[in-house]
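> Can you look at this prediction? I've put the sequence above it.
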Amino acid sequence: MAFVKETLRNEIMLRFGEKVENRGKLIGASQRSLEQVLEDGAIISSKPLDPEQLSALPGQAGTPLADVLGEVTAQTIIDNQNLNEALTEAGQTNDALRLALVAAQDQTSETIAIMDQMQGELMAKDEVLSAANAEIQRLTAALEQATALDEAPAVVATDPE
């Protein structure tokens, strides 16, 4: 079990003035961090630390707000680039899938045309087979009739002399 203690920025608060002379103007800033203890990558403890004054204006104590916002901006730009790359990759995948779908649809259309042709051929052969079966039945009936005539007793005329 590996324990790791990390401190990470959790929030940045900007304060704006409310008095007539500074109403709506940035008058201060602070940041708050979290202290976390991780065990094998899982957070087992998370504690907010006391706010830390940021230097929003010249002469104020603390880490310059511009430095902190610069880090945040830089990370935002990196995240944005990563998202744009992922979006481009997803678009390329989508394009490839769309082309594959079109190809599959074309192949399906070709297969259906072949099946229609084969069905037409099968129907034509079925008609030939039906005609052949009808001829077989006709010939069988004629044969049965001829056989019946051959088996009939022959009447021999006697001469009355």
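Structure's in. What do you need? Here the structure is a predicted model, which is why all the values come from computation and not from measurement.

> What are the boundaries of the strands in the protein?
3-16, 26-39, 42-48, 52-55, 63-64 (DSSP state E).

> just so I know, which of those strands lies nearest Leu149?
strand 42-48 (102.0 Å; C-beta to C-beta). Where C-beta positions appear, they are placed from N, C-alpha and C, glycine not excepted.

> That closest one: partners in the sheet, and parallel or antiparallel?
strand 26-39 (antiparallel) (DSSP bridges).

> List the contacts of Ser45.
For Ser45, the contacting residues are 36-37, by C-beta atoms under 8 Å, 6 or more residues apart in numbering.

> thinking again about what came up before, indicate which one of the strands of the chain is closest to Gly70.
Using C-beta to C-beta, the strands of the chain put strand 63-64 closest to Gly70, at 8.8 Å.

> name the helices or strands packed onto that closest one?
strand 52-55 (3 or more C-beta pairs under 8 Å, 6 or more residues apart in numbering; DSSP states H and E).

> Could you rerun that using 10 Å?
For strand 63-64, the packing partners by 3 or more C-beta pairs under 10 Å, 6 or more residues apart in numbering; DSSP states H and E come out as strand 26-39, strand 52-55.

> With Thr111 as the reference, name the closest of those strands.
strand 26-39 (56.7 Å).

> Dump the strands of the chain into a markdown table; add mean pLDDT and distance to Gln119 as well.
A markdown table is the format used below for these (pLDDT from 0 to 100; distance: least, C-beta to C-beta, whole Å):
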| stretch | mean pLDDT | distance to Gln119 |
| --- | --- | --- |
| strand 3-16 | 92 | 69 |
| strand 26-39 | 92 | 67 |
| strand 42-48 | 95 | 63 |
| strand 52-55 | 90 | 79 |
| strand 63-64 | 88 | 80 |
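
> Direction included, what does the lowest-mean-pLDDT helix or strand in the chain pair against?
Least confident helix or strand, the chain: strand 63-64 with a mean of 88, by mean pLDDT, DSSP states H and E. Strand pairing for strand 63-64, using DSSP bridges, gives strand 52-55 (parallel).

> Contacts for the strand it pairs with next, please.
With contact meaning C-beta atoms under 10 Å, 6 or more residues apart in numbering, strand 52-55 is reached by 9, 12-14, 28-33, 60-69.

> Of these, keep whichever come out buried.
28-31, 33, 65, 68-69 (16 or more other C-beta atoms under 10 Å).
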